[in-house]
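*Asks:* For reference, the sequence and a predicted model appear below.
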Amino acid sequence: MGHRLADLLHGRPRLQVGALLAGPVGWLVIGYLGSLAVLLIAAFWTVSPLSGELTRSLSLENFETLFNEPVYRDIAWRTVRIAALVTVTDAILAFPIAFYMAKLASRRGRAILIVAVLLPLWSSYLVKVYSWRTMLSSGGIVNWALEPFGLHGPGFGITAVWLVMSYLWLPYMILPIYAGLERIPDSLISASEDLGASPFTTFRRVILPLVFPAVVAGSIFTFSLTLGDYITPRLVSNSQFIGNVVFNNFVTNLPLASAFALVPIVVMIAYLLVARKLGAFEHI
Amino acid sequence: MKTQDAHPARAAWLVVTGLLAFMLLLAGCGSSSNNTTGKELTKIGKGEGALSLISWAGYVEPEWTKPFEQKTGCKVSDKVAGTSDEMVQLMRTGQYDGVSASGNASARLVDGGDVDPVNVSLVPNYKTIFSELKDQPYNTFNGVHYGIPHGRGANLLMWNTNDVKPPPTSWSVILEPKEAAKYKGKISAYDDPIYIADAAVYLKAHQPNLGIENPYELNEEQFEAAVNLLKEQRANVGEYWSEAAKQISAFANGDVQVGTTWQYQYFELLGAGKPVAASPASQGFLPSEGATGWSDTWMISSQAKHPNCMYMWMNWIVSPKVNAEVAQFFGEAPAQSLACEHTEEKNFCAKYHAENPAFWKRVYFWETPVSDCGNGSSDCKNYNDWLNAWTAIKG
């Protein structure tokens, strides 16, 4: 049996590769893209109001609802805006940390920092959001710390969502930027200095262009993760994100939920195309 | 990667074409409706040895499932659901034998053919269930029984006694824009489309010219008024809750001070020594307008794999002793009239108004909103309208 199999495969590289890839590719196509296709086709169905049974005939009704009701536009716009804000915040926060890790820290310091960046990823997402919920609550530590200065914490709301998301996804921005910075030879920075560039000019003309693809790569994580999240908005604000609407309609009105789920997919495709233009995938 | 741009592009097109073909295939499949109603059991046979249920938290507890298993040999496995929508979804999988459905799920289950009629003559304890729980719009459809009543309760108005003075006697404290503004950002509201009915109950009392009779049967004008009231309320809401734990933490931390709640959260907070008060049925007190509430029904799945065990369960859960245990555990009025003799606390049934039909006149049990208004006209808002409106209310 084993011999026959070996004979069959011998000298047939295509068959070999095919057999090797059949599993993972099959999973990707059937399990991943297939379920996506089911979701997308559902966007064109409608639902019977009482029983919630699906009417499987093509219609654009859901898309009309999404376009005509201003609330869905507001929610989509809010989601994209916060995703962009979180991305910018994380980029600004991550850069100095990544730069210190890549260029300035001792080996020991670097190891400690990498562990510090990765450590939060070991704890559950829910635990982290709930601990922010506790910190931001009226009797929480944020208000307690600000009280002596006569200030108040942001409380629950859109600001809280921005804070928590920025915290949650920061490691996903630090790591690509760190990897990008590490790839820049120190000699380039020295050369720039030798040629009389100020530190700011060096940053602007040498480091930033070289590390930019890495920032874009990191931004794909922070942007897409924020775009798809619905638990954080639910726990620290009353604002709805695209994910919340999808979640709320999923049971009773799957077609509408599917149609709205197309919005982040379209946004992400556009984002990835721009990212490709900016060279984010060149070193993968 | 850039140098071989052509290949990934071609691959991408292949995938897209494949997906499209797959989608069209699916679309062509058409629906296979499974409206198989009307087959009720005529005789209970031997137990199948297992029973899988969907229930609200606190409805299926070892205290009364263990003896049930010993007696019938039906091993109980239970899935706790958080919302009526979740219950409907789980029932549609066809993997469960029965569900403790509230009124805002039961009509959908019946219409979707997910549950079967119940032959009440096979459930001996049904006879002594309080008569006003029988033949209700949420458990009987076109004269056919679709389940066994489990128990009932009202949604509560709860407040923090340190912050909210004097004790409110009306829902106006959270719904009347001027009064509610006093607790701006400290109001807790239920995060579910069915909460629109709470506004309708309030308007029924305060704006009689709208002519609201049933808070679940709202025409365009009435619905609009209720939705607008909640849109105004939104500015004052500190937090919408749908998980009990989230509301408990919000009350405990002082993030909210007044709002609508269930018995479960109220007793949890009280037990933890928090300064909360509520207008529970046990204090013989509802807010002046009355309140929304729930009257739950055990229903049997049309695809039940263990129908005999399910019938035994439905009889068991409303047997006098067990129903008394269940009612006390959860803090609700029992459905079984004979349960009142078995409660540990002697006046439990009186406290929870189990035998007082007048009290329940002012409690509007959750129903599924449908377009049929029940008075001949069919221009009422259906559940999808409620769902869309709820999204718009929260903005």
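*Replies:* Done, it's in. From a predicted model like this one, the values you see are computed outputs, not experimental measurements.

*Asks:* and the residue nearest the centre of chain B, what is it in contact with?
*Replies:* In chain B, the centroid-proximal residue (Cα atoms, centre = their mean) is B:Ser102; its distance is 4.0 Å. Neighbouring residues of B:Ser102 by Cβ atoms under 8 Å, 6 or more residues apart in numbering or on different chains: B:Trp56, B:Ser84, B:Met87, B:Tyr138, B:Trp294, B:Ser295, B:Asp296, B:Thr297, B:Phe365, B:Trp366. For glycine as for every other residue, the C-beta is placed from the backbone atoms N, C-alpha and C.

*Asks:* for B:Asp372, same thing?
*Replies:* Counted by Cβ under 8 Å, 6+ apart, B:Asp372 has contacts B:Ser378, B:Cys380.

*Asks:* ok but it is inside a helix, no?
*Replies:* No. Remark: B:Asp372 does not belong to a helix; assigned using DSSP: H, G, I helix; E, B strand; the rest coil, it is coil.

*Asks:* Need the CA coordinates for the helix or strand harbouring B:Gln89. PDB is fine.
*Replies:* Using DSSP states H and E, B:Gln89 sits in helix B:84-92. This file holds the C-alpha atoms of helix B:84-92, laid out as PDB (Å, rounded to 0.1, in the frame of the first residue of the first chain):
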ATOM      1  CA  SER B  84     -35.500  35.600  23.700                       C
ATOM      2  CA  ASP B  85     -33.800  36.100  20.400                       C
ATOM      3  CA  GLU B  86     -31.100  33.600  21.400                       C
ATOM      4  CA  MET B  87     -33.800  31.100  22.500                       C
ATOM      5  CA  VAL B  88     -35.400  31.300  19.100                       C
ATOM      6  CA  GLN B  89     -32.100  30.900  17.400                       C
ATOM      7  CA  LEU B  90     -31.200  27.900  19.500                       C
ATOM      8  CA  MET B  91     -34.500  26.200  19.000                       C
ATOM      9  CA  ARG B  92     -34.100  26.600  15.200                       C
END
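
*Asks:* does chain A sit close to it?
*Replies:* Yes. Helix B:84-92 reaches chain A (Cβ under 8 Å from any Cβ of the partner chain) through B:Asp85, B:Glu86, B:Val88, B:Gln89.

*Asks:* wait, does the next helix-or-strand element following that helix contact chain A?
*Replies:* The first helix or strand that comes after helix B:84-92 along the chain, using DSSP H and E, is strand B:98-101. No. Shown here: strand B:98-101 not in contact with chain A (Cβ under 8 Å from any Cβ), separated by at least 13.6 Å.

*Asks:* Now do strand B:98-101, average pLDDT.
*Replies:* In this model, strand B:98-101 has a mean pLDDT of 94.

*Asks:* repeat for stretch B:201-217
*Replies:* 94.

*Asks:* Look up phi and psi at B:Ala277.
*Replies:* Main-chain torsions, B:Ala277, degrees, to the nearest 10: phi -130, psi 160.

*Asks:* beta partners of it?
*Replies:* On the basis of DSSP bridges, B:Ala277 is bridged to B:Trp159.

*Asks:* ok so, going back, now do the helix holding B:Gln89: distance to the chain's middle.
*Replies:* Put simply, helix B:84-92 sits 11 Å off its chain's centre (Cα atoms, centre = their mean, to the nearest Å).

*Asks:* Next: stretch B:71-89.
*Replies:* With Cα atoms, centre = their mean, you get 14 Å for stretch B:71-89.

*Asks:* If you count residues, where's the longest strand of chain B?
*Replies:* Criterion DSSP state E: the longest strand present in chain B is strand B:291-301.

*Asks:* ok so, going back, which pair of the residues of helix B:84-92 next to chain A spans the longest distance?
*Replies:* Of all pairs drawn from the residues of helix B:84-92 next to chain A, the greatest distance, 7.3 Å, lies between B:Glu86 and B:Val88 (Cβ to Cβ).
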